[in-house]
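Trainee: Can you look at this prediction? I've put the sequence above it.
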Protein chains: 2
Amino acid sequence: MFAAESLVRTLINQGVEVCFTNPGTSEMHMVAALDRTDGMQSVLCLFEGVATGAADGYARMADKPACTLLHLGPGAGNGLANLHNARRAYAPVVNIVGDHARDHLKLDAPLTSDAAGVCRPMSRWVGCVADAADVSTMAVEAVRQSFGPERGVASLILPADCAWSDAEPAVLERVDMPGPKPVPGDRIAAIAAALKAAENPVILLGNDACREDGLTAAGRIAAATGATLFMDTFVPRIARGHGRVSPKRLAYFGEQALEELAGSDLLVIAGSKPPVAFFAYPDQPGELTPEGTGRETLAGPAEDVVAALQALAACLEVATAPLDLPGLSQAPKIFPEEKLNPGYVGISLLRHMPEDSVICDDATTSGMGVFPWIEHGPRHDWLCLTGGAIGSGMPQAIGAGLACPDKQVFALCGDGAAAYTLQALWTQAREQQNIINVVFANHSYLVLNVELARVGAGNPGPAAQQMLSLDNPKMDWVKLAEGFGVPGQRARTAGEFDDALQRALKAGGPQLIVAEI
Amino acid sequence: MFAAESLVRTLINQGVEVCFTNPGTSEMHMVAALDRTDGMQSVLCLFEGVATGAADGYARMADKPACTLLHLGPGAGNGLANLHNARRAYAPVVNIVGDHARDHLKLDAPLTSDAAGVCRPMSRWVGCVADAADVSTMAVEAVRQSFGPERGVASLILPADCAWSDAEPAVLERVDMPGPKPVPGDRIAAIAAALKAAENPVILLGNDACREDGLTAAGRIAAATGATLFMDTFVPRIARGHGRVSPKRLAYFGEQALEELAGSDLLVIAGSKPPVAFFAYPDQPGELTPEGTGRETLAGPAEDVVAALQALAACLEVATAPLDLPGLSQAPKIFPEEKLNPGYVGISLLRHMPEDSVICDDATTSGMGVFPWIEHGPRHDWLCLTGGAIGSGMPQAIGAGLACPDKQVFALCGDGAAAYTLQALWTQAREQQNIINVVFANHSYLVLNVELARVGAGNPGPAAQQMLSLDNPKMDWVKLAEGFGVPGQRARTAGEFDDALQRALKAGGPQLIVAEI
């Protein structure tokens, strides 16, 4: 058995079931190993950023890592942006990057580069295989590192000779993986006391606190203490819809977030980190905890925030009677002739989205417009653009769909974002996934027009406006989708979108709707 | 004047005239500076890999750097693959990456990453601006570093606060940039003696040795000594066509290259490095200098190989009578009904390509099939995929076209390669460039099927074949092109391609032809 096969079999034993691949010559033994091994599904992607984005989406929905298979330093480079998003989502990913054989590296052949150096900035762990006999041990370590306890990206650099050697390395059996660290009871008790003493407490929920169990516990705490619940602006995954506790979403712009938190005397961080502005602006604060507000951290990203919230709720001696939670929203009337906007997309989702859908949001400004409409709509998981690196939505949908084949998946993408990784559509078509991609075509990097004004760089002239405009030429997303094998529709009005969405759901498989807004 | 404007004005003074941009919020002051400054053309790209590939193509044709404007670590990551190709082409590039304001970096906001760390593996120099007052000095240093003397990628990390500060930093006047290092006369004399003594010498031409002046000098040396001229398999740019000295192209596969060089008693390296195999294979040699062959380096990549070749020619006392060089090839007859193949594409280029065209080759297997047909055809520059990171062709064509607006540019792309950076078509359409993109649609990572057999990983099963096949679904490149605003045609036969090429040339502007092979 050559080492690549031991590697694949070991990964399968550790529960890794999917490999998102874009291999090259140096990965041919991995391809052969995947070919001759049952239990690992290989999903071909036309671009590495699609593979890493899919691994991110898979991890968020499966709560375990998929692996990737990328081609040397340049392939890893192409995958970095979505590894960055995965890292910021605390999503476990085993990022396998093939490299030249070790003797060949010394020759500085054209494709030689520092593959480990490329991976390092977006990885919490980088391991370089130096001997075929270590392959399986390092594979286990990569899976372990992806679980953290602060989950994230573990990159494994695999030289070709370490993959092709038949040194008979062992296939390792399943071992236990680390979970999040427990939160000490005295911290929970202290925060319970602080919440009781506070007049206007706020709990900021991030990371796993936004899973259903975390939200339920947070809802019980809020009922007991009068605390206001906020969620981080961008969380990896939040359970939403009727019958669920729904926190407010902290505003994107720092000054608005500060206003939202103003008047609170206690800010409890649950699952992530203290709030900060997304970008810096001249003469604007970056830290968003208001002056004079006390701050306590219940659990950071490496800690078991769900158990901590549940313990906190118990500590506050809340009655276990069910929370009074809103039922399914009534959809407002649609005015079919009205020009489409993100709100109407939200209303159509409210009307037609199946229960337990998954929404991958890569639509900066437009996503914010959809989000509130489905708060109490059909149950769904909403996956945010955690790292701000656009081009996440359509790849993430691939991974989410593979993790949850019975769920309807939606990718909401700005046209600027969709253009980053549109090759994802091909894999969606190849795998015939139930993914509806909505591309918001405003023909602009709209958020940047806002930002240009906000940074105080003066009024934009025509050259600056051209640099933020996507209207010359306008992209034809129906043709782009069809070019990759995905049927496309176009909607200019609220009625057209509502019809298009119903048709797409009825047809099944991958679909794309251009929302002309 | 805020610092970003000083930076742009300083770059213009150093001869940087084009900026390939994909900016975000942290680069808004650069956008504003580009807006209010004459002398720097901003070219918007929908993806950072397009921007860096365009900068590579520009540098190869303009012999000076363009700059990029990328958005933090993830944006730099997206640009790495084509920076790798630029690095391997010794192409000068000033790679400007915006970053968070320095105070904001400490807050670990969602888009925070190690931008310098991302750039480092593909850069010969990385500079991090730490004070607005240093911006102009560091801009000059970045340009200087891009010129080498071994030319390459100089990355400048620009925190937002250093760009927006109005510390009135000076705009610096033009300074002299380094050129390649002169080759010592005694080395030239020694190699002249070695060539005279050798029975079967070979000169391997790389980098600038493949420019017209280098080739002419090499031709004179060959005439005087009987040396055989080879070119590196992948050179940044080679002047070809009728009336020009044409070296043989060293074979891609190592064992074939070794055969080609077998029997030579002296290998003279001119412009690059000793030949090595592209990839490693079990039990195959990586170094391609045959055993027993003496090797001398006339000039490495940091040295003035053109002057060295000219001095060597003079030293060998060659008559200055013009070399007897082949005239324009007669195009062979086309059989219009025959199934299209890369050779027929070559023949059609031979028939219709305008003089002084530029060809950007990103078509691994198919490019090799086109190359020989136009050896003595209309004069052209052929730009190779120097770093092996596919997705270079269509972006490179943008830069080549901007450097040489009067030339017809061709991008030859495999369908696998074209899918990496197809967003380049949008910029071609936006700038209305005379670029004809030929996409060779074999619906496969064809070279990998060959490689899978060569690495000895056994016969591929259906899963492996699926991992290398692009036929499910087949991409529709006419639709993809039209989706980005570029007219597309499809050709299945030799005659259809010949007609399509003539129509594309007549129409002008960006065009795409799918060569179904």
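Mentor: Cool, the structure landed. Numbering: from 1, shown residues only, chains lettered A, B, ... in the order given.

Trainee: Quick check: residues of the stretch 51-200 of chain A near chain B?
Mentor: By C-beta under 8 Å from any C-beta of the partner chain, the part of the stretch 51-200 of chain A that sits against chain B consists of A:73-75, A:77-81, A:84-85, A:88, A:100-101, A:103-104, A:107-111, A:113-115, A:117-118, A:120-122, A:160-161, A:164. C-betas here are computed from N, CA, C, even on glycine.

Trainee: Mind giving me the PyMOL select for those residues, buried ones only?
Mentor: Restricted to buried positions by 16 or more other C-beta atoms under 10 Å in any protein chain shown, the PyMOL selection for those reads:
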select buried, chain A and resi 73+74+75+77+78+79+80+81+84+85+88+100+101+104+107+109+110+111+113+114+115+117+118+120+121+122+160+161+164
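
Trainee: Keep only those of the residues of the stretch 51-200 of chain A next to chain B that are in strands.
Mentor: Assigned to strands by DSSP state E, none of these qualify.

Trainee: ok, the residue of chain A most remote from its centre - contacts?
Mentor: The centre of chain A is farthest from one residue, A:Leu107, which by C-alpha atoms, centre = their mean lies 39.0 Å away. By C-beta atoms under 8 Å, 6 or more residues apart in numbering or on different chains, the contact list for A:Leu107 reads B:Val276, B:Ala277, B:Gly286, B:Glu287.

Trainee: which one among those gets closest to chain A?
Mentor: Distances from chain A to these, taken as C-beta to the nearest C-beta, are shortest for B:Val276 (4.1 Å).

Trainee: which stretches of the stretch 201-350 of chain A form strands?
Mentor: A:201-205, A:228-231, A:238-240, A:248-249, A:266-270, A:294-299 (DSSP state E, counting those that start in this stretch).

Trainee: TSV please, covering those and showing mean pLDDT, mean neighbour count and distance to chain B.
Mentor: Formatted as TSV, the strands of the stretch 201-350 of chain A follow (pLDDT from 0 to 100; neighbours: other C-beta atoms under 10 Å in any protein chain shown; distance: least, C-beta to the nearest C-beta, whole Å):
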stretch	mean pLDDT	mean neighbour count	distance to chain B
strand A:201-205	98	27	15
strand A:228-231	98	22	14
strand A:238-240	98	23	16
strand A:248-249	98	18	14
strand A:266-270	98	26	14
strand A:294-299	98	20	14
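
Trainee: Output those as CSV; include the columns distance to A:Leu46.
Mentor: Listed next are the strands of the stretch 201-350 of chain A as CSV, based on distance: least, C-beta to C-beta, whole Å:
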stretch, distance to A:Leu46
strand A:201-205, 37
strand A:228-231, 34
strand A:238-240, 30
strand A:248-249, 34
strand A:266-270, 39
strand A:294-299, 39
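
Trainee: residue contacts, A:Val129?
Mentor: Going by C-beta under 8 Å, 6+ apart, the list of residues near A:Val129 reads A:Val135, A:Met138, A:Leu156, A:Ile157, A:Leu158, A:Pro159, A:Cys162.

Trainee: Narrow those residues to those in helices?
Mentor: A:Val135, A:Met138, A:Cys162 (DSSP state H).

Trainee: and the first one, how far is that from A:Val93?
Mentor: Pointing back at A:Val135 there. Distance check for A:Val135 against A:Val93: by C-beta to C-beta, to the nearest Å, it reads 19 Å.

Trainee: Same check on A:Gly39?
Mentor: Counting by C-beta to C-beta, the gap between A:Gly39 and A:Val93 amounts to 19 Å.

Trainee: Those two: who's more crowded?
Mentor: Between A:Gly39 and A:Val93, counting by other C-beta atoms under 10 Å in any protein chain shown, A:Val93 is the more crowded of the two (33 against 11).

Trainee: For the more buried one, give the beta-bridge partners.
Mentor: With DSSP bridges as the criterion, A:Val93 is bridged to A:Val153.
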